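> Below: sequence and its predicted model.
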Amino acid sequence: MLDQITIQEFSQTLSQPLIMPLEPGYDEARSVWNGMVDKRPAMIAKCTNVDDIKKCVNFAQSHNLLVSIKGGGHNVAGKAVCHDGLMIHLSQMNAVIVDPVKRTVRVESGATIGELDKETQKFGLATPVGIVSKTGIAGLTLGGGNGYLARKHGLTIDNLLSVELVTANGDFISANETENPDLFWAIRGGGGNFGVVTSFEFKLHEIGPEIMAAQIFYPIEDAKKVFTFYRDFTSNAADELAGYALIVRIPPADPFPEAFQGKTAIALLVGYAGSLDAGKAALAPLENFGNPILRVIMPMPYLALQTSFDQSAPNGIRNYWKAHYMDDLTDEAIDVLVNHTRHFPGAFSAVGLEPFGGAITRVEENATAFPQRSASYILGIFSGWIEPENDEKNINWTRELYNKMTPFASGGAYSNYLDHDDSDKVSASFGSNYSRLQDVKSKYDPNNFFKLNQNIIPKPDL
């Protein structure tokens with residue numbers, strides 16, 4: 001236990017004083033998106049620059065403190081917060097600097113997807129990111145990063161040009177294809193195992209300000225028919241088309257008919273990362289399929305599409321996730337999925353298929369640390385609820401569906417979707433790249449100082 005004088009002296013070296021337990025702002029600073037996570041750091045450092053981060057790393061090393069790193073705090077496993085350690089809080093390091101001539105963007109690691117999108121769209125540009133705007137850019141990127149643009153332009157990591165980070169020994173270094181290339185390889189999919197990333201540089205693509213999009217909701221009774229249509233519709237789709245099929249609850253608000261509000265439905269959410277005319281033609285099969293509750297097919301501001309899922313994933317609700325990669329969506333798999341989701345606990349739960357394929361698959365599995373390139377879909381089981389007394393029911397329901405869908409899965413795991421009880425799946429998420437990642441971990445963090453992540457264990461000294 002550190003004495004107060006030592007803590008106070010350290011606090012005075014930072015740009016802002018440490019936030020201690022019982023002080024104003026402590027509970028807000030330690031909170032993360034998943035309301036099930038309730039850990040209490042011994043101290044929280046709201047860093048505003050690289051020097052603050054270096055001081056935090058050196059202090060924690062000197063005093064053998066557990067460290068967690070909070071960017072957006074959106075990781076379901078709650079790795080951003082530690083108990084009885086030092087939280088490095090990066091939310092104030094959220095600058096986004098766009099170079100419209102070079103079509104690149106430099107973004108600090110405390111920024112969210114929404115903050116990045118807002119700045120790049122001022123120039124009609126974007127880089128592939130996720131579909132919930134409150135997600136932190138750091139965690140998303142370090143684990144891979146999938147979204148509406150990925151089939152056309154690759155995962156978030158495939159658009160990463162360079163990073164700057166503070167290593168476990170307090171050094172501030174850069175990594176790219178020519179400078180520390182081993183680290184740059186590992187950063188792209190290997191998570192927060194190698195340091196505190198302070199900024200990312202991405203390449204940008206012409207997107208928007210409007211893109212063709214579809215948001216269509218069908219009664220849950222039509223789920224089998226919709227999944228079958230979705231499989232056929234997406235099987236030979238152009239790279240520009242990214243389609244999600246999700247079982248969700250209808251929001252209790254307009255424009256949904258009151259009779260369906262709060263009920264379970266199946267939604268097709270589609271974005272087309274190309275011209276509006278080409279998008280209209282590609283989405284034409286959706287115009288007349290089925291008898292939807294609501295059908296919207298029209299040009300939509302890219303920023304609106306990127307924020308349209310936010311209300312379905314509010315901060316502070318209780319969450320538990322499981323996920324599979326899938327190569328195929330067989331009739332039997334559809335039957336199992338539909339039958340299990342007839343009973344759908346959790347007001348904020350969603351279960352469904354995210355698109356893979358396209359440009360994602362054209363990157364070799366050992367070109368970056370992210371190896372899971374060949375799948376057609378990610379099956380995500382995202383259970384979300386409010387009441388603590390329903391924890392066991394929702395967790396058990398999620399595990400049951402995950403187990404029932406395992407025979408149809410292609411193996412591996414997506415590290416960004418691993419929950420707190422998935423430590424046994426970490427090596428599977430890195431697949432054939434795990435041994436090489438251990439080598440990089442051993443070089444840059446041999447004592448596993450950065451361990452609150454989907455942790456890669458350094459190789460033992462021989």
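Okay, I see it.

> Please count neighbours and contacts with C-alpha atoms only from this point.
OK.

> Quick one: classify residue 328 as helix, strand or coil.
Each residue gets one of three states, and residue 328 gets coil by DSSP: H, G, I helix; E, B strand; the rest coil.

> The spatially closest residue to it that is not a sequence neighbour: neighbouring residues, count only.
Take residue 328 and drop its neighbours on the chain: the residue closest to it by CA to CA, 6 or more residues apart in numbering is residue 376, 6.7 Å away. Neighbourhood size, residue 376 [other CA atoms under 10 Å]: 22.

> do the same with residue 19
21.

> and it, backbone torsions?
phi -100, psi 120 (degrees, to the nearest 10).

> Contacts only, for it.
Residue 19 makes contacts with 25-26, 43-46, as judged by CA atoms under 8 Å, 6 or more residues apart in numbering.

> hang on, the earlier thing: which residues touch the residue nearest to residue 328?
Going by CA under 8 Å, 6+ apart, residue 376 touches 325-328, 355-357.

> from those residues, which single one is nearest residue 272?
Within the contacts of residue 376, the smallest distance to residue 272 is 12.4 Å, found for residue 355 (CA to CA).

> In a markdown table, list the contacts of residue 19 along with pLDDT, distance to residue 453 and secondary structure.
Putting these into a markdown table (pLDDT from 0 to 100; distance: CA to CA, whole Å; DSSP: H, G, I helix; E, B strand; the rest coil) gives the following:
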| residue | pLDDT | distance to residue 453 | secondary structure |
| --- | --- | --- | --- |
| 25 | 95 | 25 | coil |
| 26 | 98 | 22 | helix |
| 43 | 98 | 19 | strand |
| 44 | 98 | 18 | strand |
| 45 | 98 | 19 | strand |
| 46 | 98 | 20 | strand |
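
> Let's see if you can find the most crowded of the residues you listed.
Busiest of these [other CA under 10 Å] is residue 44, holding 28 neighbours.

> On the strand side of things, show who that one bridges to.
residue 19, residue 87 (DSSP bridges).

> my guess is it contacts residue 90, does it?
No - counting by CA atoms under 8 Å, residue 44 stays clear of residue 90, with 10.4 Å between them.

> And the contacts of stretch 24-37?
Applying CA under 8 Å, 6+ apart, the contact partners of stretch 24-37 are 19-20, 38-41, 44, 73-78, 80-81, 87, 89, 314-319.

> Report the buried members of those residues.
The neighbour count (16 or more other CA atoms under 10 Å) marks 19-20, 39-41, 44, 73-78, 80-81, 87, 89, 314-319 as buried among those.

> So which residues of this protein form helices?
4-12, 26-30, 50-62, 113-120, 137-143, 150-153, 181-190, 223-235, 276-282, 302-307, 331-340, 391-405, 426-430, 434-444 (DSSP state H).

> So for the chain, the centremost residue is which one?
residue 140 (4.0 Å; CA atoms, centre = their mean).

> Excluding sequence neighbours, find me the nearest residue to residue 66.
residue 85 (4.7 Å).

> residue contacts, that neighbour?
Contacts of residue 85 (CA under 8 Å, 6+ apart): 41-43, 65-68.

> Any chance of JSON lines for these, columns distance to residue 259?
Formatted as JSON lines, the contacts of residue 85 follow (distance: CA to CA, whole Å):
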{"residue": "41", "distance to residue 259": "46"}
{"residue": "42", "distance to residue 259": "49"}
{"residue": "43", "distance to residue 259": "49"}
{"residue": "65", "distance to residue 259": "54"}
{"residue": "66", "distance to residue 259": "51"}
{"residue": "67", "distance to residue 259": "49"}
{"residue": "68", "distance to residue 259": "46"}
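
> Go through these and flag which are in strands.
Members of those lying in strands (criterion: DSSP state E): 43, 67-68.

> How far off centre is stretch 132-151?
Remark: stretch 132-151 is offset 5 Å from the chain centroid, using CA atoms, centre = their mean, to the nearest Å.

> Correction: the previous question concerned stretch 397-416.
Distance, centroid of stretch 397-416 to centroid of chain: 18 Å (CA atoms, centre = their mean).

> buried ones in it?
For stretch 397-416, by 16+ other CA under 10 Å, it's 397-399, 401-402, 405-406, 408-416.

> Same question for stretch 170-182.
170, 172, 174-176, 182.

> So, low pLDDT: which residues of this structure?
Scanning the chain for pLDDT under 70 picks out 462.

> domain parsing for it?
4-89, 96-206+433-444, 210-417 (automatic domain parsing).

> Using TSV, lay out the ones you listed together with distance to residue 460.
Formatted as TSV, the domains of the chain follow (distance: least, CA to CA, whole Å):
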stretch	distance to residue 460
domain 4-89	20
domain 96-206+433-444	8
domain 210-417	21
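
> rewinding a little: between the contacts of residue 85, which is nearest residue 218?
Comparing the contacts of residue 85 against residue 218 with CA to CA places residue 68 closest, at 42.0 Å.

> my guess is the closest one meets residue 78, correct?
No - taking CA under 8 Å as the definition, residue 68 is not a contact partner of residue 78, at 9.8 Å.

> Could I get the contacting residues of residue 168?
57, 194-195, 444-445, 449-450.

> quick one, phi/psi of it?
Dihedral angles of residue 168 (phi, psi; degrees, to the nearest 10) stand at phi -60, psi -20.

> if I look at it, how far off is residue 407?
41 Å (CA to CA, to the nearest Å).

> again with residue 306
As judged by CA to CA, residue 306 and residue 407 stand 33 Å apart.

> cool, and residue 445?
Counting by CA to CA - residue 445 and residue 407 are separated by 37 Å.

> what does residue 148 give?
Taken as CA to CA, the span from residue 148 to residue 407 is 28 Å.

> ok, the closest residue to residue 344 other than its chain neighbours - contacts?
Leaving aside its sequence neighbours, residue 344 sits nearest to residue 264 (CA to CA, 6+ apart; 7.4 Å). Counting by CA under 8 Å, 6+ apart, residue 264 touches 219-220, 247-250, 344.

> at 6 Å instead, please
Neighbouring residues of residue 264 by CA atoms under 6 Å, 6 or more residues apart in numbering: 220, 248-249.

> how near is the residue of the chain positioned farthest from its centre to residue 12?
Going by CA atoms, centre = their mean, the residue of the chain most distant from its centre is residue 5, 39.2 Å out. Applying CA to CA, the value for residue 5 to residue 12 is 11 Å.
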